[in-house]
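Novice: Need coordinates for the below:
(2 chains)
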Amino acid sequence: MKTFLILVTSSPTASANCYSALQFAKAAAEQSYKVVLFFYGEGIHNANAFMQPPGDELNLHKQWAELAQDSNVELIVCASAAIKRGVITEEDAQQTNAFNLSAPFHAGGLAEFSQLSQTAEHFIQF
Amino acid sequence: MTKNIALVITQPPFANTSGQDAVDMAMVLGTFEIPTALFFVSGGVRQLASVNTTGTSLKDFTKSFAALPFYDIDDIYASQLDLQRHNINLQELPDFVQVLTPADLSLTLSEYQRVIRF
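Specialist: This is a model prediction of the structure:
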């Protein structure tokens, strides 16, 4: 199975890029690629579970989570980029008393991205 | 086979955090010995001009670019055309920067298998 690495650096609210990334990831998973998302820069806000748009608006966090549960898609969030933007795992929540980064998203590092950049057959950025 | 990576920097230093994000990624890629180049284009050439953050709370992360050769990142390019547009004197550029004409820029960039835009 070939891997598609998708780097998301766009903010989920500042452009339509993340919605495009979601559609692309869905299509790649349907084509039997192993899809790995790496969220970096402003893209890490996709992983913020505290994003709660009204029920009739697009909820990207929910859609990413559903995609990961339904198909062979992995959601990695750069831990250092996330923590400075207030997207916090349970392990790092001592100072914040709350966390908003949880499964199926998981914290990773740029080291993981470096390795994926070499092992993934295909790459695209949104 | 190793896939080489080009980081294309398009934004001026303090407009957003993308310059810091780019340098963070470059250092990790360099640490893992992945052939990496930086291309400063468009407003990104401003990252190479001198900045003065005295009296501000901003961190002058642009100093970090000078450290990249220590991470084995020696291919650092800037667009001649964009430097002209932003009135940046070539003599003031750090000596680790190679200036490329538009034709050489597109040719050099085409040699990279992975292109990441900041």
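
Novice: give the contact list for A:Ala82.
Specialist: A:39, A:44, A:47, A:88-89, A:101, A:107 (Cβ atoms under 8 Å, 6 or more residues apart in numbering or on different chains). All C-beta spots, glycine's among them, are computed from the backbone N, C-alpha and C.

Novice: so how far is the host helix or strand of it off the chain centroid?
Specialist: Per DSSP states H and E, A:Ala82 falls inside helix A:79-83. Helix A:79-83 has its C-alpha centroid displaced from the chain centroid by 12 Å (Cα atoms, centre = their mean, to the nearest Å).

Novice: For the lengthiest helix in chain A, buried residues please.
Specialist: For chain A, the helix with the greatest residue count under DSSP state H is helix A:17-30. By neighbour count, with 16 or more other Cβ atoms under 10 Å in any protein chain shown as the criterion, the buried positions of helix A:17-30 are A:17-18, A:21-22, A:25-26, A:28-29.

Novice: Give me the sheet partners of the helix or strand that it is followed by and which way each runs.
Specialist: Scanning forward in sequence from helix A:17-30 by DSSP H and E, the next helix or strand is strand A:34-39. Note on strand A:34-39: by DSSP bridges, its sheet partners are strand A:3-8 (parallel), strand A:73-78 (parallel).

Novice: any chance of the ones you listed in JSON lines, with mean neighbour count and mean pLDDT too?
Specialist: Listed next are the strands paired with strand A:34-39 as JSON lines, based on neighbours: other Cβ atoms under 10 Å in any protein chain shown; pLDDT from 0 to 100:
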{"stretch": "strand A:3-8", "mean neighbour count": "23", "mean pLDDT": "98"}
{"stretch": "strand A:73-78", "mean neighbour count": "22", "mean pLDDT": "98"}
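
Novice: Grab the nearest non-local neighbour of whatever residue of chain A ends up closest to chain B.
Specialist: Per Cβ to the nearest Cβ, A:Leu110 is where chain A lies closest to chain B, at 3.8 Å. Excluding its sequence neighbours, the residue lying closest to A:Leu110 (Cβ to Cβ, 6 or more residues apart in numbering or on different chains) is B:Val28, at 3.8 Å.

Novice: quick one, what contacts that neighbour?
Specialist: B:Val28 is in contact with A:109-111, A:113-114, counting by Cβ under 8 Å, 6+ apart.

Novice: so which of the residues you listed is the most crowded?
Specialist: Each of the contacts of B:Val28 was scored for neighbours by other Cβ atoms under 10 Å in any protein chain shown, and A:Leu110 scores highest at 23 neighbours.

Novice: Let me see the confidence value for it.
Specialist: For A:Leu110, the model assigns a pLDDT of 98.

Novice: Next, the closest residue to chain A within chain B: secondary structure please.
Specialist: Residue nearest to chain A within chain B (Cβ to the nearest Cβ): B:Val28, separated by 3.8 Å. For B:Val28, the assignment made with DSSP: H, G, I helix; E, B strand; the rest coil gives helix.

Novice: hang on, the earlier thing: which one of the buried residues of helix A:17-30 sits closest to A:Phe126?
Specialist: Distance to A:Phe126 across these (Cβ to Cβ) is lowest for A:Ala21, with 3.7 Å.

Novice: out of everything not next to it in sequence, what's closest to the closest one?
Specialist: Closest residue to A:Ala21 apart from its sequence neighbours, by Cβ to Cβ, 6+ apart: A:Phe126 at 3.7 Å.

Novice: what's the neighbour count on that neighbour?
Specialist: Neighbours of A:Phe126 (other Cβ under 10 Å): 20.

Novice: That one: what's it in contact with?
Specialist: A:6-10, A:17-18, A:20-21, A:24, A:43.
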